[in-house]
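structure for the following, please:
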Amino acid sequence: MAAAKLRPNPAPTGGLLRATLTLLGGGALAQALPLLLGPWLTRLYSPAEFGQYHLFAAVAANLGVVACARYEFALPLAADGHEADLLRRLCLRILALAVGLSACAGLAWSLLSGQRWPLWLPLAVGVLGGLSLATLQATRAQAFAALAGARVAQHGGAAVAQVLAGLSQLGLHGLIAAPIAAAAAAWALLRTAPSPAAHASAGDLIATARRWREFPLLNTPHAFLGALQDSLTLALVAASLGAGAAGAWGLAMRYLKAPATLVGGALSQALYPSLAQSGAGPTAASRAVVRRAMLSLALIAAPLVALLLGWAPEAFAWAFGAAWRDAGELARALALYVGLHFVASPLAVVTMAWQAQAWALRLALVGQIGFVAALALGLSLGDLAAAGWAVSAATALYFGYYFWKLATWPLAAGPSTTPAAEPAA
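Model prediction:
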């Protein structure tokens, strides 16, 4: 890969803290609206409608997360504005191809299922891919205020739009279209005018694709398989216990992962450019930052796990209605998994910045196989909560090893400005 003109040391801790707090402020509002409106939404839509919606959202996210072949994640590492512009142009061309393929997939899904709602798939994939590209462009520019505003538009706007769609009795189509519209609004907030760069030839784009090829070769399968885990989970739950159980799983995950989305999204967007500045591999300072982040996240996660173990079923039944008590039983079973995921979520960018993408992909494959196997074992008992307990037990081993490796990662041999092997998310 071409040499990247990176500064030798990560950004000061104070700068990282300010950036994280800026993103956290926007994320707090972004997550507060869905959480507050959730009880209303569960009275506007049935568990079966939520099950179908979460299945669609998982498939759309599965495709959207790789819609630019993950080249957008190279933007914070690009040497200069010209190289960043070439990456942006490359991403847009790949995104156009992804939308076309998604249209074919959505049409096939619609014909096989006899339903029209899968036809939303290409629009969802296009918007999610475009938003990911715009987010990484803003991350490169360290435009944290704009990123915070976009998070509010995407997550908070989706919940508000879903309520309005429910009141308008738009049913499942409204439930699906609302978050697509909100993501489009967030993309519009982050979009900037194209830079006045020189014309990019096909040769320039091919050279750029080759230079950063480890992102599609290693990061894309990692991201795709991570999202595929969610799709397979919902498909397995729906096939074993019905759409209502899939709706309970989706609702539980929506609430249980909200803290990780809030804190993890804010911290990772601030952490990535900071760690990327240290070059290939960690320095003592950057590894210390990661260790402090893990400890701080663990201190926040511990009381969350305790609350879920103690009161999740009663809390879900009170907030969402008696029909959703099973989701609370599932939340209790998944408490340990949720706490560990909360700590791990923002750390995904660490292996990106430390050029450990191949290692991260191998480990992720092991973790995903363990997750799906544990889920299938629990579902074979015919009980949603049993599946949750099995997942918590299996992922405890996986995350424990992951945290230990990051905390003891060997330091780089010396200062380096040439990234050798890109990261994984």
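
can you classify residue 67 by secondary structure?
coil (DSSP: H, G, I helix; E, B strand; the rest coil).

how about it: what's its closest non-neighbour residue?
residue 129 (2.8 Å; Cβ to Cβ, 6 or more residues apart in numbering). No exception for glycine: its C-beta is placed from N, CA and C like everyone else's.

do residue 110 as well
Nearest to residue 110 is residue 118, by Cβ to Cβ, 6+ apart, at 4.4 Å.

surely that neighbour is in contact with residue 55?
No. Shown here, residue 118 and residue 55 do not form a contact pair, counting by Cβ atoms under 8 Å, at 9.8 Å.

returning to that earlier point: quick one: average pLDDT of the strand or helix carrying the residue nearest to residue 67?
If you go by DSSP states H and E, residue 129 is part of helix 121-140. What helix 121-140 shows for mean pLDDT is 95.

swap in stretch 67-76?
Stretch 67-76 comes out at a mean pLDDT of 93.

could you export the helix holding residue 129 as PDB, CA atoms only?
Extracted C-alpha coordinates of helix 121-140, given in PDB (Å, rounded to 0.1, in the frame of the first residue of the first chain):
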ATOM      1  CA  LEU A 121     -34.100  -3.300  -0.600                       C
ATOM      2  CA  PRO A 122     -32.200  -1.500  -3.300                       C
ATOM      3  CA  LEU A 123     -33.200   1.900  -1.900                       C
ATOM      4  CA  ALA A 124     -32.200   0.900   1.600                       C
ATOM      5  CA  VAL A 125     -28.800  -0.500   0.400                       C
ATOM      6  CA  GLY A 126     -28.100   2.600  -1.600                       C
ATOM      7  CA  VAL A 127     -28.900   5.000   1.200                       C
ATOM      8  CA  LEU A 128     -26.900   3.000   3.800                       C
ATOM      9  CA  GLY A 129     -23.900   2.700   1.600                       C
ATOM     10  CA  GLY A 130     -24.000   6.400   0.800                       C
ATOM     11  CA  LEU A 131     -24.300   7.300   4.500                       C
ATOM     12  CA  SER A 132     -21.300   5.100   5.400                       C
ATOM     13  CA  LEU A 133     -19.200   6.800   2.800                       C
ATOM     14  CA  ALA A 134     -20.300  10.300   4.000                       C
ATOM     15  CA  THR A 135     -19.600   9.300   7.600                       C
ATOM     16  CA  LEU A 136     -16.100   8.200   6.900                       C
ATOM     17  CA  GLN A 137     -15.400  11.400   4.900                       C
ATOM     18  CA  ALA A 138     -16.600  13.400   7.900                       C
ATOM     19  CA  THR A 139     -14.500  11.200  10.200                       C
ATOM     20  CA  ARG A 140     -11.400  11.900   8.100                       C
END
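
elements contacting that helix?
Judged by 3 or more Cβ pairs under 8 Å, 6 or more residues apart in numbering; DSSP states H and E, the packing partners of helix 121-140 are helix 47-64, helix 81-113, helix 144-151, helix 171-190, helix 265-276.

for residue 160, find the nearest of those.
helix 171-190 (8.0 Å; Cβ to Cβ).

which helix or strand lies directly C-terminal to the closest one?
Taking DSSP H and E, what comes next after helix 171-190 is helix 202-211.

got the angle for that next one vs helix 81-113?
80 degrees (axes from the mean of the first three to the mean of the last three Cα atoms, to 10 degrees).

distance between helix 202-211 and the chain's centre?
Per Cα atoms, centre = their mean, to the nearest Å, the displacement of helix 202-211 from the mean C-alpha position of its chain is 28 Å.

now swap in stretch 213-222 and tell me
That offset, for stretch 213-222, works out to 16 Å (Cα atoms, centre = their mean).

list the buried ones in that stretch?
For stretch 213-222, the neighbour count (16 or more other Cβ atoms under 10 Å) marks 214-222 as buried.

how long is that stretch from one end to the other?
Criterion Cα to Cα, to the nearest Å; first-to-last residue distance in stretch 213-222 is 14 Å.

so for that stretch, mean pLDDT?
86.

quick check: next helix or strand after the top helix by length along the chain?
In the chain, taking DSSP state H as the definition, the longest helix is helix 284-320. Using DSSP H and E, the helix or strand that follows helix 284-320 towards the C-terminus is helix 325-333.

what are the buried residues along that following helix?
325-333.

tilt between that helix and helix 47-64?
Here the directions of helix 325-333 and helix 47-64 differ by 50 degrees (the same axes, to 10 degrees).

can you dump the C-alpha atoms of helix 325-333 in CSV for me?
The C-alpha atoms that make up helix 325-333 are tabulated as CSV, following Å, rounded to 0.1, in the frame of the first residue of the first chain:
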residue,chain,number,x,y,z
ARG,A,325,-42.7,-10.2,28.4
ASP,A,326,-40.9,-12.9,26.4
ALA,A,327,-38.6,-10.2,25.1
GLY,A,328,-37.8,-9.3,28.7
GLU,A,329,-37.0,-13.0,29.5
LEU,A,330,-34.7,-13.0,26.5
ALA,A,331,-33.1,-9.7,27.6
ARG,A,332,-32.2,-11.3,31.0
ALA,A,333,-30.7,-14.3,29.3
